[in-house]
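Asks: The sequence and its predicted three-dimensional model are supplied below.
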Amino acid sequence: MDVRGNSGSRLVVVGHGPTGHHLVEALRERDTVGGWQITVIGEEIRPAYDRVALTSYLTEDADLGYPAHGPDVTLLTGDPVVAIDRTSRTVTTGSGATIGYDALVLATGSAPFVPPVQGKELPGVFVYRTIEDLDALRTYAAERLSATAPGDPRVGGAVVGGGLLGLEAARALQGLGLDTHVVEVAPWLMPRQLDEGGGAMLRRHIEALGLTVHAGTPMAGLAAGEHGRVARVNLTDESEIAAEIVVFSAGIRPRDELARGCGLPVGERGGIVVDESCRTSDPAVYAVGECALVGGMVYGLVGPCFSMAEVVADRLLKGETSTATFPGADLSTKLKLMGVDVASFGDPFAEARGALGVTYTDPVAGVYKKLIVSDDAQTLLGGVLVGDAESYPSLRAFVGGQLPGSPEQALFGGTEAAGGDLPGSTIICSCNNVTAETIRCTIRDDMLMDVPSVKSCTKAGTSCGSCVPLVKQILNAELTAAGAVISNALCEHFDHSRAELFDIVRVRGITTFTRLITEHGQGRGCDICKPAVASILASLGPALGIGHILDGEQAVLQDTNDHFLANLQKNGTYSVVPRIPGGEITPDKLIVIGEVARDFGLYTKITGGQRIDLFGARVEQLPQIWQRLVGAGFESGHAYGKALRTVKSCVGSTWCRYGVQDSVAMAIRMELRYRGLRAPHKLKSAVSGCARECAEAQGKDFGIIATENGWNLYLAGNGGMRPRHADLFATDLSDEELVRYIDRFLMFYIRTADRLQRTASWLESLEGGLGYLREVIVDDRLGICAELDAAMDHHVDAYSDEWRDTLEDPAKLRRFVSFVNAPDTPDPSIAFEPERDQIKPVLVAGPQLEVMHR
């Protein structure tokens, strides 16, 4: 039977989730003659919305709605279809309405699977599927939290299921203020996407953020408390979790009840049976998305579901002449879970015969990478990335093809420049089935100049977004080949560079990310623009009256270390670095640091920046440690932030027989002036008291070397992986001149640098280099020196210690909690062993690269 649209043909789509919405839009885009009269019937009271971003609705109150269909589509919501009559070709809704069809598409999606365990009906038990589910969860959580009194244990929450959606739900519960646990029956998290090593690394990241993971221990049931509400999760090992809120996210089941009711075949474990054209046994009925069983498989990812919708749209328009089929789908996925990059692609479990696994593990950085290659190591078969998924778009594009280099090179970014060299047939966007050649041709034919235009014209990157970096590589390669100027947009959500956004925020007095993206961007933001804007707001905070970085919306934007004002370490503990200006410290303060380290059992280390680093603090211990340190006159050293870290010094003329100026006094002056100054990247400085250069000032962002007549100023140096010798900027400066030029240098850098750009690369990128910089901050070529001076004065006057401010604010202190039920009970997964009269974490060895043969 040839089902295609002729004038007046009736199409009924049952279900208005993401897949149903995509089908309608794909059909409307192609159906230029109006061959189909489309009616969409949705069960929910609201039109389609982005279920992938549900957590942002709960934590950020984000608007998830998709763009409305045009007036040519009839949309019925809140009135679900309850029956299908295939003989008369009609559907009947819950209100009794009967609607006829010439073609019917079932896009009914799926329902959460709730295991048949005791207590699953108790008050306080939820699923995580719809906006209504989340509204109910948020209301109930608010009630339980408001019922607690000071000193009561934190309200506990548990998520049953450690997959993609389960971890998103756990993040949401934690954001609501609950002591959150994750229960996963498999031995590791995300078992459908990650291998054991990747799951273990992800667990370490998740637990470091304050959640508790119970993996490999199934749930036995739920138990009620004295008020009849859920109070405990009982596990099969006879342990229990105190939880007043439980969320089931243990998988999905296809919504195939309508198909069963009208006699269409369904799979043994559910799902409406369809062929490769997504057609059921009835030629007039199709099924797409999570309700469809294609080739014996139900797909739960947005990419395959959208691909099915594209197939059906083509079939509805072309009928039997259509060759569109759905032979299967790429199950690759990339996402950021609680700030942690996670990705898998191709065959991540080395199931192919003779496959080799090349694995890299770095517990210090929290990175796990594994590539699966053919037995000759020439063909990429799949892989897993945790902690660093920057290379995911390029690696995924090479699956099934020959690697451009060795597997080791691919692991460490060896394919990142390959966007312009990929074969034209390479699928770049698996969600919308867009090839590299389609993107290239569209860029050339339509003369596209930016990523948003490419997304709009090709649909690449408009679903999950994981292919956007590769889309940008292809765009840049095409623009470069055409001699065009490449866009410097910060990301797809802002058409402006970081420097342009800085000026927008400064001039317009914008104090929130929400206002900035509403007025000058699009979408909801990403892990690129959110921390970048957080840095801009922190840099301009004194001038705009923006408070502490953990106040309100600012807290949501911060990176992991800034969240807890301390540096996360490899075993989930934190390090504490108090400020010691210029490296000068009294014996009494040294004793205090020693007593704090002794009393809290911390590892101590003298840093290269003349500071004392205290390692091994649990998150709930941080305020206690700060209390002791602040009480003794210490403050935050900002080792966790993109800010001034240290100003080193030698002893200078006070003690050294070669010293010609008081380098210690100048270093202390510098550090106290610039402490807390937020910047695009970290800042380091040093002051040497003579030309012998004992403080190594010429390897710093701004270095100072004493002369007989004053100070020589060096700018834009750095050590690290790509060391750069600082450039001599000015000689024989007075104290006042020195401070003035450094003020302007730092403020000009903060105003104009790109995201995460060190002063060294920033200076190299300035047209005119050092000479131009000298013209700007000495000769006032741009007429902005007064603004730069005023900006630094605002910073100095408004400085306040972030540790002290946190200790004085009960609301901020509530985030510093243990991820076990009793806040003072150590996390059993954190262990130490003695070494050289100190502690060291008990973990696997450092970075490892190994090849395993299956």
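Replies: Arrived safely.
Asks: CA atoms only for stretch 218-226, dumped as PDB, please.
Replies: Provided in PDB are the C-alpha atoms of stretch 218-226 (Å, rounded to 0.1, in the frame of the first residue of the first chain):
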ATOM      1  CA  PRO A 218      20.800  -4.200  44.600                       C
ATOM      2  CA  MET A 219      17.900  -2.600  46.500                       C
ATOM      3  CA  ALA A 220      15.800  -4.900  48.600                       C
ATOM      4  CA  GLY A 221      12.900  -2.500  49.300                       C
ATOM      5  CA  LEU A 222      11.800   0.800  50.800                       C
ATOM      6  CA  ALA A 223      10.700   1.300  54.400                       C
ATOM      7  CA  ALA A 224       8.300   3.800  55.900                       C
ATOM      8  CA  GLY A 225       8.900   6.100  58.900                       C
ATOM      9  CA  GLU A 226       6.600   6.900  61.700                       C
END
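Asks: what does that stretch rub up against?
Replies: Defining contact as C-beta atoms under 8 Å, 6 or more residues apart in numbering, one finds that stretch 218-226 is touched by 115, 117-120, 122, 125, 160, 183, 185, 230-236, 240, 244, 246. Glycine gets a C-beta too; all of them are placed from N, C-alpha and C.
Asks: hmm, try it at 6 Å
Replies: Stretch 218-226 is contacted from outside by 117-119, 122, 160, 183, 185, 230-232, 234-236, using C-beta atoms under 6 Å, 6 or more residues apart in numbering.
Asks: quick one, what contacts Gly717?
Replies: Applying C-beta under 6 Å, 6+ apart, the residues contacting Gly717 are 698-700, 724-726.
Asks: Export these as CSV, with columns for secondary structure, distance to Ile131 and neighbour count.
Replies: Below are the contacts of Gly717 laid out as CSV (DSSP: H, G, I helix; E, B strand; the rest coil; distance: C-beta to C-beta, whole Å; neighbours: other C-beta atoms under 10 Å):
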residue, secondary structure, distance to Ile131, neighbour count
Gln698, helix, 58, 19
Gly699, helix, 54, 20
Lys700, coil, 51, 26
Arg724, strand, 51, 18
His725, coil, 57, 13
Ala726, coil, 54, 23
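Asks: one step back: give the buried subset of the contacts of stretch 218-226 as a PyMOL selection command.
Replies: Under the burial definition 16 or more other C-beta atoms under 10 Å, those of the contacts of stretch 218-226 that qualify are selected in PyMOL by:
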select buried, resi 119+122+160+183+185+230+231+232+234+235
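Asks: Out of the contacts of stretch 218-226, flag the one nearest to Asn571.
Replies: Nearest to Asn571 among those is Val183, at 22.6 Å by C-beta to C-beta.
Asks: Where strands are concerned, which of the contacts of stretch 218-226 count?
Replies: Per DSSP state E, strands hold the following members of these: 160, 183, 230-232, 234-235.
Asks: Quick one: the helices in the stretch 401-550 of the chain, in order.
Replies: In the stretch 401-550 of the chain, the helices defined using DSSP state H, counting those that start in this stretch lie at 407-411, 436-446, 451-458, 468-481, 498-508, 513-520, 529-544.
Asks: Repeat that for the stretch 251-400 of the chain.
Replies: 257-261, 302-318, 392-397.
Asks: about what we covered before: let me know the closest of the contacts of Gly717 to Asp495.
Replies: Closest to Asp495, out of all of the contacts of Gly717 and judged by C-beta to C-beta, is Arg724, at 31.2 Å.
Asks: how about that closest one, what does it touch?
Replies: Arg724 neighbours (C-beta under 6 Å, 6+ apart): 717-718, 760.
Asks: Distance of the residue sitting furthest away from the middle of the chain relative to Cys429?
Replies: Residue farthest from the centre of the chain, counting by C-alpha atoms, centre = their mean, is Arg657 at 53.1 Å. From Arg657 across to Cys429, the span is 68 Å (C-beta to C-beta, to the nearest Å).
Asks: circling back to that earlier point, single out whichever of the contacts of Arg724 has the smallest pLDDT.
Replies: For the contacts of Arg724, the least confident position by pLDDT is Asn718, scoring 86.
Asks: I'd guessed it sits against Thr759; true?
Replies: No - using C-beta atoms under 6 Å as the test, Asn718 is too far from Thr759 to be in contact (7.1 Å).
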